[in-house]
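Visitor: Give the three-dimensional model of this entry:
(chains A and B)
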Amino acid sequence: MIEDKLIFCSGSEAEMLDELSKFSSQPSSHINATPGNTDSGIARLVLTLIELIRKLVEKQAMHRIDGNSLTEEQIENLGETLMKLEMKMDELKKHFNLTDKDLNLNLGILGDLL
Amino acid sequence: MNMSLIIFGIAKNSLSHAQSSLLIETLYKESGISLDLFRYKEIVFIFADYHEANYSMSRDDLLRYAHVIEHLAKSISLLPMRYKSLANSTDQLSEHAEKGYHQILTNLELIDHKEEFAVRVLRSPSAADNEDGTHIGTDEHQLQDALSGDSPSRIYLRTKYAAFKAEELRAVYSENVKRKFIEDLAPISLFYEFKKRLSPSTVMDAVVLVDKDKRKALSDLIAGMQKFYPQHNILMTGPWPPYSFANIDIQL
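Guide: Next up, the predicted model:
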């Protein structure tokens, strides 16, 4: 059905197919928790929220760097903290067998959460 | 609650009995779904028996549902409903119609004789990194100096900071592309929505509501845009039922 809807495309065939495939591979808009998979369903939801907060913290840190108001020591500490947070997040994803793609929610017209 | 009706959309109650019978008959032949109409003043709900339609949460059923909406939207101006819009009975439809009547009518006016199109401006993978002509200024170089050092945390921060600045530049560039698109679109349509969060490969992701007679004008606009931005690939799809403009907040 999607192919029938293509009116204008300037890219190569490969690029077009890649883009069209995104229509059918959007991140899920809901957590598929069932009685059999409550652990992984909840883990996915919780990790998605943690990842969102981690990214917000990271962005805030970049704004502070941009403001040029951090001392050498603060910059060093900030880098170490952010690095450890990301490493911890990677560990948790691995533990629950989740990928970056799993930690996302499609918010319709607002786009993807992450 | 035992929901018994699945609603596909709402339209203006302007179809004659013969026209609606023909539409229902055609859809039954195509999809095997037996549609029914519930008329309330100037609007009409288009629905089917939920159990008879046999819908589940599968992707195939979602496509089946979308196919019915697609077909209806080709014949009439339709406010498409979201998948699994359910109601207990026509009495409940009547209640909802009464509550949201003016909002529904306003939305029906908005989408009347119009179609939705999606327009995406993509960063071509083959394009140069600074395709938008923006450059990192002196201040940022100084800041990069402030992050200099060989410790793992400094290297980590530099990488993150570079990505952050690149994202900022992309956002500014996207805003400029959107502004130009809105200006160019103005003679054709004033109804558009932009997806707010974009992937790094997307410059602009928009939906526009265009009068059916102006489809060609929109295609020409997109072709002109492609000439203006040869470094990007532009993708236009449609016509779609006006999903992005069916702002109905009544809960069915």
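Visitor: Give me the neighbour count for A:Gly41.
Guide: Neighbour count of A:Gly41, defined by other CB atoms under 10 Å in any protein chain shown: 15. The way it works is simple: take the backbone N, C-alpha and C, and place the C-beta from them, glycine included.
Visitor: ditto for B:Met81
Guide: For B:Met81, the neighbour count with other CB under 10 Å is 23.
Visitor: what about it, distance to B:Phe45?
Guide: According to CB to CB, to the nearest Å, B:Met81 and B:Phe45 sit 9 Å apart.
Visitor: list residues touching both of these two?
Guide: Common contacts of B:Met81 and B:Phe45, defined by CB atoms under 8 Å, 6 or more residues apart in numbering or on different chains, comprise B:7, B:9-10.
Visitor: can you list those residues in a markdown table and add secondary structure and pLDDT?
Guide: Shown next, in a markdown table, are the shared contacts of B:Met81 and B:Phe45 (DSSP: H, G, I helix; E, B strand; the rest coil; pLDDT from 0 to 100):
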| residue | secondary structure | pLDDT |
| --- | --- | --- |
| B:Ile7 | strand | 91 |
| B:Gly9 | strand | 93 |
| B:Ile10 | strand | 94 |
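Visitor: Could you pick out the longest helix of chain A?
Guide: helix A:38-66 (DSSP state H).
Visitor: right, is that helix up against chain B?
Guide: Yes. For helix A:38-66 and chain B, the contact criterion (CB under 8 Å from any CB of the partner chain) is met by A:58-59, A:61-62, A:65-66.
Visitor: Let me know the closest of the residues you listed to B:Val177.
Guide: A:Lys59 (22.5 Å; CB to CB).
Visitor: If you tally nearby residues, what's the number for that closest one?
Guide: 13.
Visitor: same thing with B:Leu22?
Guide: B:Leu22: 13 neighbours (other CB under 10 Å).
Visitor: again with B:Asp61
Guide: For B:Asp61, the count of nearby residues is 15 (other CB under 10 Å).
Visitor: Give me the nearest residue to residue 76, chain neighbours excluded.
Guide: Going with chain A. Using CB to CB, 6 or more residues apart in numbering or on different chains and skipping the chain neighbours, the partner closest in space to A:Glu76 is B:Ser153 (5.8 Å).
Visitor: try again with chain B
Guide: Nearest one to B:Ile76, counting by CB to CB, 6+ apart, is B:Ala11 at 4.9 Å.
Visitor: rewinding a little: mark which of the residues of helix A:38-66 next to chain B are buried, thanks.
Guide: Among those, those scoring as buried are A:58, A:61-62, A:65 (criterion: 16 or more other CB atoms under 10 Å in any protein chain shown).
Visitor: Quick one: these as TSV, columns for distance to B:Tyr173 and pLDDT too.
Guide: Output for those, formatted as TSV (distance: CB to CB, whole Å; pLDDT from 0 to 100):
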residue	distance to B:Tyr173	pLDDT
A:Glu58	22	93
A:Ala61	24	92
A:Met62	18	92
A:Ile65	22	90
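Visitor: related to what we said a few turns ago, and the residue nearest to A:Glu76, what helix or strand is that in?
Guide: helix B:152-185 (DSSP states H and E).
Visitor: Among the residues of helix A:38-66 next to chain B, which one lies nearest to chain B?
Guide: A:Met62 (4.0 Å; CB to the nearest CB).
Visitor: for the closest one, what are its contacts?
Guide: A:Met62 neighbours (CB under 8 Å, 6+ apart): B:160-161, B:164.
Visitor: Now neighbour count, distance to B:Leu209 and pLDDT too, for these, in CSV please.
Guide: Shown next, in CSV, are the contacts of A:Met62 (neighbours: other CB atoms under 10 Å in any protein chain shown; distance: CB to CB, whole Å; pLDDT from 0 to 100):
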residue, neighbour count, distance to B:Leu209, pLDDT
B:Lys160, 21, 40, 93
B:Tyr161, 20, 40, 92
B:Phe164, 18, 35, 91
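Visitor: Now tabulate those in JSON lines and tack on distance to chain A.
Guide: Shown next, in JSON lines, are those (distance: CB to the nearest CB, whole Å):
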{"residue": "B:Lys160", "distance to chain A": "7"}
{"residue": "B:Tyr161", "distance to chain A": "6"}
{"residue": "B:Phe164", "distance to chain A": "4"}
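Visitor: Residue ranges in the chain under the pLDDT threshold?
Guide: Because you didn't say which chain, this covers chain A. A:1-3, A:11-39, A:106-114 (pLDDT under 70).
Visitor: if you could check chain B rather than the one you did, that'd help
Guide: B:1-3, B:57, B:125-144, B:248-252.
Visitor: ranges for the helices of it?
Guide: So, for chain B - with DSSP H - the helices run B:17-31, B:50-53, B:59-75, B:90-111, B:138-146, B:152-185, B:215-228.
Visitor: returning to what we had before: can you give me the buried ones in the helix holding B:Ser153?
Guide: Residues of helix B:152-185 classed as buried: B:153-154, B:156-158, B:160-161, B:164-165, B:170, B:173-174, B:177-178, B:181, B:185 (neighbour count, 16+ other CB under 10 Å).
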